[in-house]
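*Asks:* With the input below, show me the fold.
(chains A and B)
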Amino acid sequence: DVKVTQSSRYLVKRTGEKVFLECVQDMDHENMFWYRQDPGLGLRLIYFSYDVKMKEKGDIPEGYSVSREKKERFSLILESASTNQTSMYLCASITGGDTQYFGPGTRLTVL
Amino acid sequence: RKEVEQDPGPFNVPEGATVAFNCTYSNSASQSFFWYRQDCRKEPKLLMSVYSSGNEDGRFTAQLNRASQYISLLIRDSKLSDSATYLCVVNLGNQFYFGTGTSLTVIP
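*Replies:* Here you go, the predicted model:
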């Protein structure tokens, strides 16, 4: 079974803090994704990576950066958290057959 | 214009009913299509891929109409456990585009 894990299920941070969200997959997948999910807006792609040290911007990259130093790990960084970044963050990795496997999500609240 | 559009519902149906969801996509170059299911406060999980020839998995049938750029999901003999949000997903290049989801509640 594919397993995608995320470092935290719930996180509360203050405005201006630097926030790290980690995602690890155990199936040697090349492609990994970070999304945020908000009511009425669905899942929106922040960044994706198709190989180690490679990254591509998604639809809403502003205020975020990513790091992929190892194949199994894809990190999302909020350089200076703001209240409008309060959201559910979902990481996914993908097989060659285009099936995405999601982590359990991190519900981030920025106060 | 959104890449993928879905009716958000909610759909409230009695047990045993048949319910259908539709989803439209805007880019004719879209390559692959999926339905995901998302339970409350959980991550999305693949329900089924959607092929031009149509595909069926038990009570679930998915159809793709490339000419009209829509995909559909039919659920027959609804169960209480089918209550969830159903997400339409379209793949274009390296990216996946999600609909906002259709909420289904099956009522006893």
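
*Asks:* Next one: the most centrally placed residue in chain A, what pLDDT does it get?
*Replies:* The centre of chain A sits closest to A:W34, judged by C-alpha atoms, centre = their mean, with a distance of 3.1 Å. At A:W34, the model reports a pLDDT of 97.

*Asks:* show me what contacts it?
*Replies:* Applying C-beta atoms under 8 Å, 6 or more residues apart in numbering or on different chains to A:W34 gives the contacts A:21, A:23, A:45-48, A:58, A:64, A:66, A:74, A:76, A:89-91. C-beta: built from backbone N, CA, C; applies to glycine.

*Asks:* try A:S80
*Replies:* A:S80 sits in contact with A:G16, A:E17, A:K18, A:G63, where contact means C-beta under 8 Å, 6+ apart.

*Asks:* Those into TSV, with extra columns for secondary structure?
*Replies:* Conversion of the contacts of A:S80 to TSV gives the following (DSSP: H, G, I helix; E, B strand; the rest coil):
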residue	secondary structure
A:G16	coil
A:E17	coil
A:K18	coil
A:G63	coil
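
*Asks:* Pick the one among those closest to chain B.
*Replies:* When the contacts of A:S80 are compared for distance to chain B (C-beta to the nearest C-beta), A:G63 wins out at 19.3 Å.

*Asks:* is it true that that closest one touches A:Q85?
*Replies:* Yes. A:G63 is within contact range of A:Q85, at 6.3 Å (criterion: C-beta atoms under 8 Å).

*Asks:* Name the residues contacting each of the two.
*Replies:* A:L78.

*Asks:* Between the two, which is the more surrounded one?
*Replies:* Per other C-beta atoms under 10 Å in any protein chain shown, whichever of A:G63 and A:Q85 has more neighbours is A:Q85, with 18 against 14.

*Asks:* what's the distance between that one and B:Y97?
*Replies:* 21 Å (C-beta to C-beta, to the nearest Å).

*Asks:* B:R41: how many residues sit nearby?
*Replies:* 10.

*Asks:* What strand or helix carries it?
*Replies:* Per DSSP states H and E, B:R41 falls between elements, in no helix or strand.

*Asks:* can you tell me which residues contact B:K45?
*Replies:* A:F102, B:Y36, B:R37, B:Q38.
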